[in-house]
Structures are given as structure tokens and as C-alpha cells.
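**Student:** Predicted coordinates and the sequence they were generated for:
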Amino acid sequence: MLARPAVAALIASLAACAVGPDYQQPAPPAAHGYGGAPSRGQTSGVEATAGGNVQQFVEGMDIPSEWWVLFRSPKLSRLVQEALKANPSAGAAEAALRRAHELYFAQRAAYFPTLQASFSALRAKNPDNTLSNPIAAPNPSYSLSTAGLSLSYAPDLFGATQRSIEIARSQVESNRFQLEATYLTLSSNVVVTVVQEASLRGQIGATERLLRLQHQLSETVRRQRAIGAVSDLDVLAQQSAEAQTAQTLPPLEKQLGQTRDALSALLGRLPSDEPKETFGLDELTLPSDLPVSVPSKLVEQRPDVRQAEEDLHAASAQVGLALANMLPQFTIDASLGSSALKIGDLFTPYTGFWSVGASLSQTLFDGGALLHRRRAADAALDQAGAQYRAAVILACQNVADTLRALKADADALKASAEADRAAKTTFELAQRQYALGTVSLVAVLNAEVAYRQAQLALVQAQANRLSDTAGLFQSLGGGWWNRREEPHHEQSGLAG
């Protein structure tokens, strides 16, 4: 009698036991900054220049979920929202998350017993010419109907079920962070693509103006050659300069067309349905306050790091599952039912049956399969740990690279703006001197060519600063934790 409570207590204690390592969240990086990358203070600014305002690094500043609104372009915000709802990658990531949720719920059902109902009907005939009839009836043909319930339950003695559910839950979280990473990549790509379009339009405009000047200059030099004022060498040099300028225009136009195609694809559209919105650099405002998160906070914000952490969690639970599979497996089975020669006699007296049993099994020899699966799980845990560390390093590198780029962009824009002002002043001075007759038209045109080339460099510097600002918000995680509701993916008609 004393043995039964002892056995029950032993089973209860085993049911609460999960073998294998319990997951421990990795310690955050101890670093307080990003090395020589600037994370405090402000960048240099250029007054009266588009995108030339001073940017202030604000350590610990929170990031809004819709960070792209800081560029103050309603058209840009509409396109980002459309991409989040219509891009197929977002739809695929959302579907993957739903699938992971359902698999988690399915795995969690292992905590409960399985109850099945069954019914069978049999019509049979026994042989007539035997020494004895198997059934005591004049007619050798008979019918047999059976209805019953069967129950099967596997107590989680060593935590195999618990570890399996832990793996499924980690996969749900991994897919959730994959979805956040998809949203972040989409929004960042739309912003950067729009900035690239604005830059290309500015470069094409500057190049076309420059080409017109080069053509005008070539005509002037040819006229001067006709009167013997210049040599053939001067004419050829100018024609070469014009040709070199002309050859830079088709690549820019090609890039603009491809950029528009890329933007259409980000919006979940075909190239034939490109957006009507177009962009110029003067339509985008450079955000003044730039957030900077310390590495220990960064690992909580980056979706790719959080996904790597959940993969590490799943690998840890997989070790426990592999170990539990090496231990004895215990199953309880029970059945209850009725069997009768007539359906109407089912569940009448003397037709019922029942059984209750338990089984315990232990693998004694399997060629080392379970052992090698356990070792494979250990190796997978080491792999996931290394991948998590790589994700942390990459995240910190992305932030450091972007911070350095922002400082360099500000300095480059300042230098480009100064060169632009100097070239403009030179051009205006040449115009005044030409009006007084002290310089030739060629000198004026050369001064304007230098001015237009400086404008071209200024456009590129402005675009770099806008793109790298978007890159900083992306590298810091994009503020997904402040989102109140998820974007709802809208199924397009492309799938038919």
C-alpha cells in the first residue's frame, strides 16, 4: 500500500523535470560606444543649402515606428505604407508567422491525451463443412458491429513535450522578428530608392545644363577657329570635353529608369504600373535629431539580432529534446466500447468491453542514432551561438559605419557647398567682366561649366546625407517596438 503513493510522487516529480540545458539569455555587449565613430555632439552644417542643416546625435533617443515621416514628405510616407501592405515579401513573412503560430498550437496539444472514436461493421461467412461451426447459429453468415473510444496519453516524464513546445514557441518569435526585419528592410529600401531617384533627377538636370553649355562652348570655339583665333587643337579639346559630358547622361537615365522599376517592385507592382509620384531633393527634409543607442540597447532593438537569439533558444531546447529521447518512453492507453452481432444491440448488457494499460520502453540498440542526434544538437547549439554573436557584431558594425558615414557626409557636403559657392562667384565675376569686355565668352562658358560640375557634386553630397540618415534608422532597428498595430497585407491580383 505504501508503494502506490511513492510511485505517484515519483511520477509527479518526473513530470516536472525537463532534461537538458535551460535557456539563458546571452549577456548584452559591455561596450558603451562604437569606438572612434561619433555618437555625441553634432555634425557640421551648411547654411542656405538643401540638406545642409546641422544634425545632432542624441544618445538614448527613442525611434518612432514611422520614422520615415521625419523626412516630411507626405508622398514618401504614402509609398512606404503601400509597400508594407502590398509587397509580396511582407505577405510571405506574415503567412510564415501565422504558420508558426498554428504549429505552436498543434505542438502544445501534446500536453493533453488523444481521444478517438471508432466504429466498424463486418459481414462474414464461416465455412459450412467443418467439424464445428465457430458460432452457435444455424446460419454460417453473420454481422459484427463494434463502436468504441480509445485514449492514449504520453506523460512528459523527462520534458520532451516541454522542449518541443519551447522549440515551437521560439520559432514563432523567430518568425515574428523576421517579419519585423522585412518591414524594416522594405521601409528603408523605399526611402533610399526615393532618395536615389531624387539624386538621379538632380544629376540628370545638372548634366543636361552642363551639356548645353559644352555644346555652346564648342560652337564658340569653332567660330573662333574659323577666324583663326584658336587652333585645331583647341577645337578638338573642346569637342572631346563635350563628348565626355554627353557619355555620362545615358548611364544616369538608365539608372533612373531602373530605380523607378525598383520602386514599383517595392510597392508590389509591375513595371507597367509605376507610381505617379516623382521626387526631387528639395522635397525631402533632413532630420535634425539623430538617435544613437548603446550596444546593450541595440541588441534589443535589432530584429535580426532578436531572431538570432530565438534561433539560439530553439537550439538550446533541441539539446534537451535529444537527451529526453534517449531516456525511457512511457505511454498510457485505454479503450472502452461495445461489440454486437446487431447494431441495435450495441451498448446493451454483456456487449461492452474495456481495457487499460501502460507501457514503458527503452531503446537498447539503434546503431548509435540517438547518441549522434544528441551530438548533432550540441553542434547546432554551438552554431546558433556563433551566429548570434555574428549578428551582434554586424549590428554594431552597421551603426558604427553609418555614424562615420554621417560625419563624412556632413563634411563632404560642406566642402561641396563651398566649392559650389566659389564656382558660382567665379561664374558671376566672369559674367561681369565679359560685360565690360575684359574676358572672352569662352572664359565665361568655362566658368559656368565649372559651376555646373560643382552643382553636380553638391547634388550627390546631399543625396548621400539623406540616404545615410535613413541607414542610421535602419541600423538602429527602425522603432518597431512603438508600433500600435501591424500593417495588414493586401493580397494583389498578381497571384491570379
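**Tutor:** Structure received. Numbers count the residues shown, from 1 in each chain.
**Student:** And the host helix or strand of A265, how far out from the chain middle?
**Tutor:** Taking DSSP states H and E as the definition, A265 sits inside helix 249-266. Averaged C-alpha coordinates place helix 249-266 at 24 Å from its chain's average position (CA atoms, centre = their mean, to the nearest Å).
**Student:** quick one: buried residues of the very next helix or strand once past it?
**Tutor:** Toward the C-terminal end, the helix or strand that comes next after helix 249-266 (DSSP H and E) is strand 289-292. For strand 289-292, the neighbour count (16 or more other CB atoms under 10 Å) marks 290-292 as buried. Bear in mind the C-beta positions are built from the backbone N, C-alpha and C, glycine included.
**Student:** Rounded mean pLDDT for the helix holding A265, please.
**Tutor:** Helix 249-266 shows a mean pLDDT of 96 in the predicted model.
**Student:** sorry, back to before: which one of the buried residues of strand 289-292 is nearest to A454?
**Tutor:** L290 (27.2 Å; CB to CB).
**Student:** just checking, that closest one touches L406?
**Tutor:** Yes - taking contacts as CB atoms under 8 Å, L290 lies within contact range of L406: 7.1 Å.
**Student:** Spit out the residues that contact the two alike.
**Tutor:** 55, 469, 472 (CB atoms under 8 Å, 6 or more residues apart in numbering).
**Student:** and the first one, how many neighbours?
**Tutor:** To tie it back to what came earlier, the one meant is Q55. When neighbours are counted by other CB atoms under 10 Å, Q55 registers 23.
**Student:** For it, give me its contacts.
**Tutor:** Applying CB under 8 Å, 6+ apart, the residues contacting Q55 are 42-43, 45, 286-290, 406, 410, 469.
**Student:** Between these, which sits nearest R483?
**Tutor:** Using CB to CB, P287 is the member of the contacts of Q55 that lies nearest R483, at 18.9 Å.
**Student:** Now that the closest one has come up, it's in contact with D468, right?
**Tutor:** No - counting by CB under 8 Å, P287 stays clear of D468, with 11.4 Å between them.
**Student:** need the strands for the chain, in chain order.
**Tutor:** Applying DSSP state E to the chain gives strands spanning 56-59, 114-125, 141-153, 289-292, 329-340, 352-361.
**Student:** Low-confidence stretches in the protein?
**Tutor:** 1-16, 46-51, 128-138, 491-496 (pLDDT under 70).
**Student:** Apart from its neighbours in sequence, what residue is nearest R452?
**Tutor:** Excluding the flanking residues, the one nearest R452 by CB to CB, 6 or more residues apart in numbering is L210, at 4.1 Å.
**Student:** Quick check: the one you found vs L281, distance?
**Tutor:** 17 Å (CB to CB, to the nearest Å).
**Student:** okay, these two: which has more neighbours?
**Tutor:** For L210 and L281, the more surrounded residue by other CB under 10 Å is L210, and the numbers stand at 23 against 19.
**Student:** Hmm, the more buried one is touching L456, no?
**Tutor:** Yes - judged on CB under 8 Å, L210 makes contact with L456 at a distance of 7.1 Å.
**Student:** got the CA positions of stretch 327-336 in PDB?
**Tutor:** Extracted C-alpha coordinates of stretch 327-336, given in PDB (Å, rounded to 0.1, in the frame of the first residue of the first chain):
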ATOM      1  CA  LEU A 327      15.500   8.100 -21.900                       C
ATOM      2  CA  PRO A 328      12.600   5.700 -21.200                       C
ATOM      3  CA  GLN A 329       9.300   6.500 -23.000                       C
ATOM      4  CA  PHE A 330       6.100   5.900 -21.000                       C
ATOM      5  CA  THR A 331       2.600   5.600 -22.500                       C
ATOM      6  CA  ILE A 332      -0.900   5.100 -21.100                       C
ATOM      7  CA  ASP A 333      -3.600   3.500 -23.300                       C
ATOM      8  CA  ALA A 334      -7.200   2.900 -22.500                       C
ATOM      9  CA  SER A 335     -10.200   1.700 -24.600                       C
ATOM     10  CA  LEU A 336     -13.900   1.400 -24.000                       C
END
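**Student:** what's near enough to touch E486?
**Tutor:** E486 neighbours (CB under 8 Å, 6+ apart): E94.
**Student:** cutoff 10 Å now
**Tutor:** 84, 90, 94, 97, 176, 179-180, 183, 480 (CB atoms under 10 Å, 6 or more residues apart in numbering).
**Student:** Could you report the distance from it to A93?
**Tutor:** For E486 relative to A93 (CB to CB), the value is 11 Å.
**Student:** which residues are common contacts for those two?
**Tutor:** 176, 179-180, 183.
**Student:** from these, which would you call buried?
**Tutor:** 176, 179-180, 183.
**Student:** Would you check that V172 makes contact with Q307?
**Tutor:** No - using CB atoms under 10 Å, V172 is not in contact with Q307; the gap is 11.5 Å.
**Student:** Settle it for me: which of the two has more neighbours?
**Tutor:** Neighbour comparison, V172 and Q307: the larger count goes to Q307, with 22 against 19 (by other CB under 10 Å).
**Student:** pretty sure Q362 contacts P328?
**Tutor:** Yes - using CB under 10 Å, Q362 is in contact with P328, at 4.5 Å.
**Student:** of these two, who's got more company?
**Tutor:** P328 (12 against 9).
**Student:** Look up phi and psi at that one.
**Tutor:** phi -60, psi 140 (degrees, to the nearest 10).
**Student:** who's in contact with it?
**Tutor:** 14, 157-158, 360-363.
**Student:** just to revisit the earlier point, of the contacts of Q55, keep whichever come out buried.
**Tutor:** By 16+ other CB under 10 Å, the contacts of Q55 give 42-43, 45, 286-287, 290, 406, 410, 469 as buried.
**Student:** still on that earlier bit, format the contacts of E486 as a markdown table; extra columns: distance to Q258.
**Tutor:** As requested, those are exported to a markdown table (distance: CB to CB, whole Å):
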| residue | distance to Q258 |
| --- | --- |
| L84 | 23 |
| A90 | 22 |
| E94 | 28 |
| L97 | 32 |
| R176 | 33 |
| L179 | 28 |
| E180 | 28 |
| Y183 | 24 |
| W480 | 29 |
